[in-house]
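Novice: the following block contains a protein sequence and its predicted model.
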Amino acid sequence: MRARPPGRELLDHPILGGRAYLGSALWAGFLLALGLVLWGVGAYTHRDGGPDPRWLLATLAVSCTLVVFRRTAPGAVLAAATLVLAADAAVGPSTAVVINYGEALYAACVWGRRRLANGVLAAVCAGGVVLFALLVFAVADGALHGGPLAVAQAVGLYVLAFGSPTVSGLSVREHRLRTSLERERARRIERMAELDRRNAVAEERGRVARELHDVVANHLSAVAVQSTAALSMRESDPERTRRILGVIRDSSLRGLTEMRAMIGVLRGPQDAPELEAVTPRLDDADRLLADAREAGLEVDVVWTRRDRPLPQRADSVAYRVLQESLTNAMRYADPMRVEIALDYPGGARGGHGAHSGASGDGELLVLTVSNGLAGKGAREPGVLDGHGAGAGLTGMRERVQLLGGRFSAGPVEGRVWRVRAEIPLVPDEERPGAGRREPIGGGAGPVERPDGAEAEEGAAGGRADEGNGAR
């Protein structure tokens, strides 16, 4: 640690005003020297029979001493300087003390309170008006020779000695106030930018958490269900074991593939061309249904036909809601059966028993997924799960609400768990948060959706559906 130079502590002592006020002491010394020069050349008024002019040196010294404390106590300095000016006027007056009094006026306007500055301005203006009136009266009465020129000169000297320091001080004060306000405004803007950055980071973390959950949960749930089925077999069945292992392998590989695709998009630029490729759509949902059937879940699907493509965001949200709903059904459905109804606005209904779309709310894509519950006291999907805390339901609700839609999930009609999502079909450029990054992670190959008929056979060597979409 460096040693402090001798005398450094004196500069920081509050009595001397600290280093910030060292300039005031130097300025006071300069004014004292200037005053001595002015006194030496006779820049003062000496009346015959009046006090000795050397008394003006005392008033000069006192006024220069007051300049040292003009920042720390501007109001007290102005009051004391006024008394000194009055005493100097009684003896002389002298030019140097008038100059020092201008310094007191300037300091009161710059460093004093607003009320003090306004009072100084009012007093100087009032003094100028009184002086002008007295001069005009004196000229009219003949007591002052020189006429209007003498009045103009006297008023000019008054403005130079008293008005100019006051106006200069007020101008500097306003400038400093504006500078302070601009600094405060800059700090607020910086803080708002930091808060926006934190909100963006939090939103991105939530988005990545939803995508990670959707990518991992579906495939790991299929792996867990198939593994449980294999472990629960009491008799050896090589063919069934091989089929289960095939489903586990396919689910694992697809999960790894989607995970790599998601990480690739996260590491790449926001407008990367891979973004569209990994965004899931309802046309990619055949593997979800195939995996569900391979896990032993009966899937009854009722769809309506589409006459135009869906907006990318709405299509992706519908896919994710369907994916999470099937994942929960595989884990909690009793009996192992799920009913899926999807209504497109203005579409022609295919099959029978489809759920009707909402009316009067604009164009909505309505997705309903229903499955049975084990009975009273059974665990609700994703809520009382021993391995989770409702992240799936939370993610579905957030996705739908981000598009301005409505989401509900819960038991109905006693032992039926129903998930219902009403997703507005808003064009991607008009949707809320259109400038944000699109969801990532996705499904696999294309699918041709039948009108309420059974889905195709599972991609992992699954068995053909038998009647009404059942496994």
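Specialist: That came in fine, so what should we check first? Bear in mind that the values here come from a model prediction, so they are computed numbers and not experimental data.

Novice: quick one: name whatever helix or strand follows the longest helix anywhere in the chain.
Specialist: The longest helix of the chain (DSSP state H) is helix 164-231. The helix or strand immediately downstream of helix 164-231 is helix 238-267, counting by DSSP states H and E.

Novice: hmm, back to that, now for the longest helix of the chain, which elements pack on it?
Specialist: Applying 3 or more C-beta pairs under 8 Å, 6 or more residues apart in numbering; DSSP states H and E, we find helix 164-231 packed against helix 95-111, helix 114-141, helix 238-267, helix 286-294, helix 312-332, helix 391-402. (Glycine included, C-beta is placed from N, CA and C.)

Novice: for Asn199, find the nearest of the ones you listed.
Specialist: Asn199 lies closest to helix 391-402 among the helices and strands packed on helix 164-231, at 14.3 Å (C-beta to C-beta).

Novice: the helix or strand that comes right after that closest one pairs with which strands?
Specialist: Downstream of helix 391-402, the next assigned helix or strand under DSSP H and E is strand 406-412. Note on strand 406-412: by DSSP bridges, its sheet partners are strand 416-424 (antiparallel).

Novice: so the partner strand versus helix 312-332, what angle?
Specialist: 170 degrees (axes from the mean of the first three to the mean of the last three C-alpha atoms, to 10 degrees).

Novice: report the contact partners of Pro427.
Specialist: By C-beta atoms under 8 Å, 6 or more residues apart in numbering, Pro427 lies in contact with Pro311.

Novice: low-confidence stretches in the stretch 251-400 of the chain?
Specialist: The stretch 251-400 of the chain contains residues with pLDDT under 70 at 265-266, 268-279, 305-307, 345-362, 375-390.

Novice: same thing but at 80, please
Specialist: Low-confidence segments of the stretch 251-400 of the chain (pLDDT under 80): 251, 254-255, 257-280, 284, 287-288, 291, 294-296, 303-309, 344-362, 374-392.

Novice: for Arg415, give me phi and psi.
Specialist: The phi and psi values for Arg415, taken as degrees, to the nearest 10, are phi -120, psi 30.

Novice: hang on, the earlier thing: angle of the longest helix of the chain against helix 286-294?
Specialist: Going by the same axes, to 10 degrees, helix 164-231 makes 40 degrees with helix 286-294.

Novice: next one: helix 164-231 to chain centre, how far?
Specialist: Centroid separation between helix 164-231 and its chain, computed with C-alpha atoms, centre = their mean, to the nearest Å, is 5 Å.

Novice: before we move on, back to that, can you redo the helices and strands packed on helix 164-231 as JSON lines with mean neighbour count and distance to Val201?
Specialist: As requested, those are exported to JSON lines (neighbours: other C-beta atoms under 10 Å; distance: least, C-beta to C-beta, whole Å):
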{"stretch": "helix 95-111", "mean neighbour count": "24", "distance to Val201": "44"}
{"stretch": "helix 114-141", "mean neighbour count": "14", "distance to Val201": "43"}
{"stretch": "helix 238-267", "mean neighbour count": "16", "distance to Val201": "13"}
{"stretch": "helix 286-294", "mean neighbour count": "25", "distance to Val201": "31"}
{"stretch": "helix 312-332", "mean neighbour count": "25", "distance to Val201": "22"}
{"stretch": "helix 391-402", "mean neighbour count": "20", "distance to Val201": "16"}
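
Novice: which of these sits closest to Ser24?
Specialist: Comparing the helices and strands packed on helix 164-231 by their distance to Ser24 (C-beta to C-beta), the top pick is helix 95-111, with 8.9 Å.

Novice: quick check: angle from that closest one to helix 114-141?
Specialist: 140 degrees.

Novice: what helices or strands is helix 95-111 leaning on?
Specialist: Packing contacts for helix 95-111, counted by 3+ C-beta pairs under 8 Å, 6+ apart, involve helix 22-40, helix 55-68, helix 74-91, helix 114-141, helix 164-231.

Novice: from the contact counts, what lies against the shortest one?
Specialist: Translated: helix 55-68. Using 3+ C-beta pairs under 8 Å, 6+ apart, the elements in contact with helix 55-68 are helix 22-40, helix 74-91, helix 95-111.

Novice: over to the third one?
Specialist: If contacts are counted by 3+ C-beta pairs under 8 Å, 6+ apart, helix 74-91 sits against helix 55-68, helix 95-111, helix 114-141.

Novice: let me have the ones you listed in TSV, adding mean pLDDT as columns.
Specialist: As requested, these are exported to TSV (pLDDT from 0 to 100):
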stretch	mean pLDDT
helix 55-68	90
helix 95-111	92
helix 114-141	90
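
Novice: including distance to Gly404, could these go into a markdown table?
Specialist: Below are the helices and strands packed on helix 74-91 laid out as a markdown table (distance: least, C-beta to C-beta, whole Å):
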| stretch | distance to Gly404 |
| --- | --- |
| helix 55-68 | 68 |
| helix 95-111 | 56 |
| helix 114-141 | 50 |
